[in-house]
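A.B. asks: Fold the following and give me the result.
(one chain, ligands or ions: 1)
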Amino acid sequence: MKTYSLTDNYVHKFDSEKIDIGLSTENLQVFYGENHAIFDGTLQFRKNSITAMIGASGSGKSTFLRCLNRMNDDIATVEGKIFYQDLDINAPEINVYEMRKHVGMVFQRPNPFAKSIFKNIAYPLQKSGIKDKKIIAERVEKSLRQAALWDEVKDDLNRSALALSGGQQQRLCIARALAMDPDVLLLDEPASALDPISTGKLEQALQELQQHYTIIMVTHSMQQASRISDYTAFFHMGHILEFDRTEHIFTRPRIQATEDYISGNFG
Ligand SMILES: Nc1ncnc2c1ncn2[C@@H]1O[C@H](COP(=O)(O)OP(=O)(O)OP(=O)(O)O)[C@@H](O)[C@H]1O
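C.D. replies: Next up is the predicted model:
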């Protein structure tokens, strides 16, 4: 395996006076016991954009992503700051349940509830205190439309979600996250279990959503990152070695490790 400098990096910084930032991290460090998994993760995620996180297996992408809505609370020690609308989401006064309504997450494997399509979305809304049936029905429809699933399921919302295809289930999970009205959507390899047609539909849905959300996505597919993301962060051994506009990363990266990774000469 080639060795690369871990201090030679380029992380583009936005002028936050001019550019809206949906989420940002400062000096994020993550430890699993003795294992130092993330070193100094300082990154800004632009609003109304898709940011892809790429890098080899074990480079820390999922660890970083999971910190962004505190999914690592019980399994790792997280140091540094994560800001959502000027709030440090790790501050003691933050209600994690409320915070996750603003920063939603979709996992690698679709994980719908063993309930109807309608209830998959209605149930979390009811749990969050919304009782009005009309509002719930409107939210179900809106989020299914946003996830580009409505046309495929509208005729039978009482069908079991488990009877949907994997790709449909993943879009249902996106709809479920969107129904809570988040600003930020985190996705951990959302298409890894999907066939190319389902992946295409999912990517199309994400590109529509990008107009209204801050989307942050871990992907193993460099084609996917280059097709749909606006910005790309390249991770290596727990370090963010490069962060820039996706077109720069894929056409003229500044860091040797990035160039080797995207051209398949890595390791
Ligand atoms: N729950 C955990 N407990 C202990 N160590 C973990 C845990 N999750 C991840 N790690 C370690 O943290 C490091 C980063 O792993 P992480 O899963 O974040 O990488 P990744 O880039 O997302 O990898 P992949 O692409 O394979 O999903 C690795 O050394 C991994 O072994």
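A.B. asks: Which phi and psi values does the nearest residue to Asp8 once chain neighbours are set aside adopt?
C.D. replies: Leaving aside its sequence neighbours, Asp8 sits nearest to Ile255 (CB to CB, 6 or more residues apart in numbering; 6.3 Å). Quick note: C-beta positions are derived from backbone N, CA and C, even for glycine. Backbone geometry at Ile255, expressed as degrees, to the nearest 10, gives phi -110, psi 140.
A.B. asks: Kindly report the same for the one 10 residues further on.
C.D. replies: Dihedral angles phi and psi of Asn265 (degrees, to the nearest 10) take the values phi -110, psi 20.
A.B. asks: who's in contact with it?
C.D. replies: Applying CB atoms under 8 Å, 6 or more residues apart in numbering to Asn265 gives the contacts Glu259.
A.B. asks: ok, it to the ligand distance?
C.D. replies: Remark: distance between Asn265 and the ligand (CB to the nearest ligand atom, to the nearest Å) = 19 Å.
A.B. asks: coming back round to it: how deep is the residue nearest to Asp8 tucked in, by neighbour count?
C.D. replies: For Ile255, the neighbour count with other CB atoms under 10 Å is 19.
A.B. asks: Check whether Lys101 really touches Asp183, as I assumed.
C.D. replies: No: using CB atoms under 8 Å, Lys101 makes no contact with Asp183, being 9.6 Å away.
A.B. asks: quick one, helices of the stretch 1-150 of the chain?
C.D. replies: Along the stretch 1-150 of the chain, the segments classed as helices by DSSP state H, counting those that start in this stretch run 61-67, 96-102, 117-127, 133-146, 150-153.
A.B. asks: Pick the most deeply packed of those.
C.D. replies: helix 61-67 (a mean of 23; mean count of other CB atoms under 10 Å).
A.B. asks: Quick one: list the elements packing against that helix.
C.D. replies: In terms of contacts (3 or more CB pairs under 8 Å, 6 or more residues apart in numbering; DSSP states H and E), helix 61-67 is packed against strand 21-32, strand 35-46, strand 49-55, strand 184-188, strand 214-218.
A.B. asks: one step back: what sits against the residue nearest to Asp8?
C.D. replies: 4, 8-10, 234, 241-242.
A.B. asks: on that earlier part again, now render the helices and strands packed on helix 61-67 as CSV, adding mean pLDDT.
C.D. replies: Compiled in CSV, the helices and strands packed on helix 61-67 are given as follows (pLDDT from 0 to 100):
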stretch, mean pLDDT
strand 21-32, 97
strand 35-46, 96
strand 49-55, 98
strand 184-188, 96
strand 214-218, 97
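A.B. asks: what bridges to Val78?
C.D. replies: Assessed by DSSP bridges, Val78 has beta-bridge partners Val30.
A.B. asks: quick one: it and Leu28 touch, right?
C.D. replies: Yes: shown here, Val78 and Leu28 form a contact pair, counting by CB under 8 Å, at 7.2 Å.
A.B. asks: ok, these two, which is more surrounded?
C.D. replies: Using other CB under 10 Å, the more surrounded residue of Val78 and Leu28 is Leu28, with 24 against 20.
A.B. asks: Kindly reformat the helices of the stretch 1-150 of the chain as CSV and extend each row with mean pLDDT.
C.D. replies: As requested, the helices of the stretch 1-150 of the chain are arranged in CSV below (pLDDT from 0 to 100):
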stretch, mean pLDDT
helix 61-67, 97
helix 96-102, 94
helix 117-127, 96
helix 133-146, 96
helix 150-153, 95
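A.B. asks: follow-up on the earlier one: from the contacts of Ile255, pick the one nearest Ser57.
C.D. replies: Phe234 (13.8 Å; CB to CB).
A.B. asks: Could you report the neighbour count for the closest one?
C.D. replies: Per other CB under 10 Å, the neighbour tally for Phe234 reads 28.
A.B. asks: got it, and Gly129?
C.D. replies: 6.
A.B. asks: If anything else comes up later, I'll come back, but that's it for now.
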